[in-house]
Structure formats: C-alpha cells, structure tokens
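Visitor: 3D model of this:
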Amino acid sequence: MHQGALQPLTEAAIVAQTRGAPEQFTALAVVNNNIASGAGTVVIAVDRWSTEAERTTLVKTLQDKGPKALLKALQDIRPLGRIRTPDSIGYDLHYAHQMRGEDGGRRIVIATDRPIGFWEVVRGARSVDYPFTIIQMQMGPDGRGKGTMSMATKVVAYGNTIELENFATSPAMLTEIRSKKASD
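Guide: Numbers count the residues shown, from 1 in each chain. Reported below is the predicted structural model:
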C-alpha cells in the first residue's frame, strides 16, 4: 500500500489546509468477511486537516509509548470532522493527513478512536483491544478514488504517518470515492 511516488505536502500547503479547505468524501463501503457482508454509503467530512504538530505528536506517541497512549492522544485532539452513514449522526474524526503524489493525486490517511459497544465490553470481546478506525484513500487528480476502512485494527507508525499494521482484519473496501471541496 506504500507508494514511493507520494511526497509530503509542503509547509505552506499544510498551513493552508489547517485553516479551512473543508472536504467531503462519499464512498461505497463493501464488506465481505466472516462477520458480515454487504455494501452501503459512507460519508467522511474533513472540516480541517491535522496540523504538522498533531501528526508528529501522534506518530511519536505511537512509536514511543504504543497504541494505548495513541488512543488517549487521539481523543485529546479536537475533532476535525465526522464519519457517518446517510441515516446516522456518525462519530468524530481526530486525524486526517494527506500526501501529494507525482501524478497530482493524493494519499489520505484518516484515524480516530471507534465507538465500542456495550456488549463488546460486557462480553470481554477481543475487539475491545482494537479501538481504532483507520481509513486509507488513494485519490486521483480528478477527485475520484478507492481505499480501505478498518473499524477494529492494530496500528503502526510508518515513517511519519499512522497506518494499518496489516489487512488480516478484512477491512471494508471503499469504492467509488468522490471528493467535494467546500469551494466546489
């Protein structure tokens, strides 16, 4: 999933993206694993992009202190957007980072804590140990793309970003992603 053609955004672009540039992504999420199967629309709204300081703090926290400390650090960052289905209010997002590709496209990583249900806690389900939602999207210069979304995953620091450790958890495939910026 790592691509050598991707370059970090310039400092000026990072500063500009944290001051606004809201963007909404709509995708078809396709799930096909041993727990569930089906498809449905997911709406991801990014009201602001993570600052360089937030990104650095989260990656360093994961590298130095592990996933539990990362969870606390994520929860301490003010929400920067929401993820939802068309018939729900959804939940807050706490991290969104993008890197430009040489082709004019972007690689976007979004991370947050995930809602953990009452029955997960009461039953002591193993999924409680995986409290993150990670979304990875590859967007073309035309504002269309594809990606993955994992609702209960392990995370790792890869270079200067946060990513899925592996895809053994059968993430949902995000297809037909379309981007709409506030200025569109």
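Visitor: and the longest helix for this protein?
Guide: Longest helix in the chain by number of residues (criterion: DSSP state H): helix 52-65.
Visitor: Let me know the average pLDDT across it.
Guide: In this model, helix 52-65 carries a mean pLDDT of 90.
Visitor: And the helix or strand that that helix is followed by, what's buried?
Guide: Next along the chain after helix 52-65, taking DSSP states H and E as the criterion, comes helix 67-76. By 16 or more other C-beta atoms under 10 Å, the buried positions in helix 67-76 come out as 67, 70-71, 73-74. Glycine gets a C-beta too; all of them are placed from N, C-alpha and C.
Visitor: One more: stretch 52-67?
Guide: Applying 16+ other C-beta under 10 Å to stretch 52-67 flags 52, 54-55, 57-59, 61-62, 67 as buried.
Visitor: Closest one to V156 out of the residues you listed, please.
Guide: Proximity of these to V156 was ranked by C-beta to C-beta; the top entry is L62 with 7.3 Å.
Visitor: Any chance of a markdown table for the buried residues of helix 67-76, columns distance to Y91?
Guide: As requested, those are exported to a markdown table (distance: C-beta to C-beta, whole Å):
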| residue | distance to Y91 |
| --- | --- |
| P67 | 19 |
| L70 | 17 |
| L71 | 14 |
| A73 | 17 |
| L74 | 12 |
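Visitor: So which of those residues sits lowest on pLDDT?
Guide: Within the buried residues of helix 67-76, pLDDT is lowest for P67, at 83.
Visitor: so how far is G145 from the nearest residue to that one once chain neighbours are set aside?
Guide: Using C-beta to C-beta, 6 or more residues apart in numbering and skipping the chain neighbours, the partner closest in space to P67 is V155 (6.1 Å). Distance, V155 to G145, by C-beta to C-beta, to the nearest Å: 21 Å.
Visitor: Pull the number of nearby residues for A96.
Guide: 24 (other C-beta atoms under 10 Å).
Visitor: What's the first helix or strand after the helix or strand harbouring it?
Guide: Using DSSP H and E, A96 sits within strand 95-101. Remark: after strand 95-101, the chain's next helix or strand is strand 106-113, criterion DSSP H and E.
Visitor: With only the CA atoms kept, save that following strand in PDB.
Guide: Presented in PDB, the C-alpha positions along strand 106-113 are these (Å, rounded to 0.1, in the frame of the first residue of the first chain):
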ATOM      1  CA  ARG A 106      -3.300  12.200  -3.100                       C
ATOM      2  CA  ARG A 107      -2.900   9.600  -0.500                       C
ATOM      3  CA  ILE A 108      -5.100  10.300   2.500                       C
ATOM      4  CA  VAL A 109      -5.000   8.600   5.900                       C
ATOM      5  CA  ILE A 110      -7.700   9.200   8.500                       C
ATOM      6  CA  ALA A 111      -7.600   7.800  12.000                       C
ATOM      7  CA  THR A 112      -9.800   8.000  15.100                       C
ATOM      8  CA  ASP A 113     -11.000   6.100  18.100                       C
END
